[in-house]
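J.: Have a look at this prediction, sequence included:
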Amino acid sequence: MLRELFGGRPVRVTSPQGRFAAGASLLDGGTVVTAEAWGKQLFVGFAAAPSASVPQEPVHWLRVHLGLYGAWTFAGDGSTDVVHAIGAPRRRIGERDSLPAPVPTPGEWVPPAPRGAVRARLLGPHAVADLTGPTACEVLTPVEKAGVEARLGPDPIRPDGGRASLDAAREAFVARARRSRVTVGQQLMDQAVIAGVGNIYRAEALFRAGVDPLRPGRDVPATALAAVWDDLVVLMRDGADTGRIVTTRPEHRSGPADGGAADARRRTRQNSDGDPGAVPPEQAFSVYHRDGQPCRVCGAPVLLKELAGRNLFWCGVCQG
DNA sequence: GCTGCATGATGAG
DNA sequence: TCATCCTGCAGCA
């Protein structure tokens, strides 16, 4: 999307909040030539100057990691149809903040003032992207970027998994997880083991595979780990497509009487919540944030335990 | 107005 | 294992 919004033309890069001022000045006036993701990291490639014919190799890479509360919010003149936000904003520019209505004459579009603590702002002729609250926002050289990527595990969303092939990526994940007696629950959160999995996918993928998250990685059968990988390939790509995480199987989604529905809505808001066609938020997860409620499959109460500083949710029966 | 919480990661001890 | 970084918002007074 950043490519669509800003690609090919010089982009103004600023740091309204000020904490990214030095990096912004390095990028300001450059051209976005590519944007790619590896796990939770976003890399935006900037070429120094626009050029009509010569293919542009990035000289700077903007590395962004949203972390827990980082978010992108987007606004534009309406000439490009984009989502309003990515990440953890409880607001959407297009909803509450209400953008200036699409201007009939795009040339006169004026970007809205930055709202909140905007670390970085990318501004093109027709659109603006504001970054708030990231864990990481820095400018890297191509060599530094390669160094970051070398430390990341395979990524189920990437077409080749970030390895020679998707099969090779799966094998790398399985072998790495079975190398250690660290619990598989912790390993799924380790970006060097597998990139891109967070607390939701960790809990949900292990539930779907019937794997006990507290089991040491080396004791989990390779077939089970391979199944977890294959499942994550489907789940995470679907999530990337829809901008929304849904991990329940249709037959396990309960009706409106589902306990804790309001609670689930409050605790994890996602894109397109409220969309009549979408799976309602209180039915999107099997175990995540469902502690104390009955397992959708067996009825046993969903368990909660703090593991390495993060909440782990699982069913002690289905994942026993 | 204040407090606590959140889909993360890092560094000290 | 803990503190710390960072931000916005729901839930409270």
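T.: Cool, the structure landed. What you see is a predicted model; the values in this text were computed from it and never measured. Residues are numbered from 1 along each chain as shown, chains lettered A, B, ... in the order given.
J.: so who does the residue in chain A that DNA strand B sits nearest to touch?
T.: Among residues of chain A, the one nearest DNA strand B by Cβ to the nearest atom of the strand turns out to be A:Gly198. It sits 1.8 Å away. (Each C-beta comes from the backbone N, C-alpha and C, glycine too.) Listed by Cβ atoms under 8 Å, 6 or more residues apart in numbering, the contact partners of A:Gly198 are A:40, A:189.
J.: Just the pLDDT at it, thanks.
T.: According to the per-residue confidence, A:Gly198 scores 96 in pLDDT.
J.: Same question for the helix or strand hosting A:Ala24: list its buried residues.
T.: With secondary structure defined by DSSP states H and E, A:Ala24 is part of helix A:21-27. Using 16 or more other Cβ atoms under 10 Å as the burial criterion, the residues of helix A:21-27 that qualify are A:23-24, A:27.
J.: what secondary structure does A:Arg290 sit in?
T.: Secondary structure for A:Arg290, judged by DSSP: H, G, I helix; E, B strand; the rest coil, is coil.
J.: just to revisit the earlier point, model confidence over the helix or strand that comes right after the helix holding A:Ala24, on average?
T.: Heading C-terminal from helix A:21-27, the first helix or strand you meet, by DSSP H and E, is strand A:31-38. Taken as a whole, strand A:31-38 has an average pLDDT of 95.
J.: If we go by neighbour counts, what in strand A:31-38 is buried?
T.: In terms of neighbour count (16+ other Cβ under 10 Å), strand A:31-38 has its buried residues at A:31-35, A:37-38.
J.: which secondary structure elements does the following helix or strand past it contact?
T.: Using DSSP H and E, the helix or strand that directly follows strand A:31-38 along the chain is strand A:41-47. Here strand A:41-47 touches strand A:31-38, strand A:60-65, going by 3 or more Cβ pairs under 8 Å, 6 or more residues apart in numbering; DSSP states H and E.
J.: ok and the residue in the stretch 101-250 of chain A nearest DNA strand C?
T.: For the stretch 101-250 of chain A and DNA strand C, the shortest gap (Cβ to the nearest atom of the strand) falls at A:Gly116, measuring 2.1 Å.
J.: Now that residue: closest residue in space that isn't a chain neighbour?
T.: Distances taken as Cβ to Cβ, 6 or more residues apart in numbering put A:Thr132 closest to A:Gly116, at 5.5 Å, once the chain neighbours are dropped.
J.: Please report the distance of that neighbour from A:Leu2.
T.: With the distance defined as Cβ to Cβ, to the nearest Å, A:Thr132 ends up 16 Å from A:Leu2.
J.: Could you do A:Tyr201 as well?
T.: Applying Cβ to Cβ to A:Tyr201 and A:Leu2 gives a distance of 23 Å.
J.: same thing with A:Thr141?
T.: A:Thr141 sits 20 Å away from A:Leu2, taking Cβ to Cβ as the criterion.
J.: higher neighbour count, the two?
T.: Between A:Thr141 and A:Leu2, counting by other Cβ atoms under 10 Å, A:Leu2 is the more crowded of the two (23 against 12).
J.: Okay, strands next: where are they in the stretch 1-150 of chain A?
T.: A:12-14, A:31-38, A:41-47, A:60-65, A:71-76, A:85-87, A:118-123, A:127-132, A:136-140 (DSSP state E, counting those that start in this stretch).
J.: Point out where chain A drops to low pLDDT.
T.: A:50-55, A:81, A:89-107, A:255-266 (pLDDT under 70).
J.: quick one, longest helix in it?
T.: Here the longest helix in chain A is taken by residue count, with DSSP state H as the criterion, and it is helix A:222-242.
J.: Which residues belonging to that one are considered buried?
T.: Of the residues in helix A:222-242, those scored as buried under the neighbour-count criterion (16+ other Cβ under 10 Å) are A:224-229, A:231-233, A:235-236, A:239.
J.: And for stretch A:108-123?
T.: When neighbours are counted by 16+ other Cβ under 10 Å, the buried residues of stretch A:108-123 are found to be A:109, A:111, A:114, A:118-123.
J.: Output stretch A:38-46 as CSV - backbone C-alpha positions only.
T.: Extracted in CSV, the C-alpha atoms of stretch A:38-46 (Å, rounded to 0.1, in the frame of the first residue of the first chain):
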residue,chain,number,x,y,z
TRP,A,38,9.5,-9.8,7.0
GLY,A,39,7.7,-10.9,10.1
LYS,A,40,6.6,-7.9,12.1
GLN,A,41,9.2,-5.7,10.4
LEU,A,42,8.5,-3.3,7.6
PHE,A,43,11.2,-2.2,5.2
VAL,A,44,10.6,0.7,2.9
GLY,A,45,13.2,1.3,0.3
PHE,A,46,14.1,4.8,-0.7
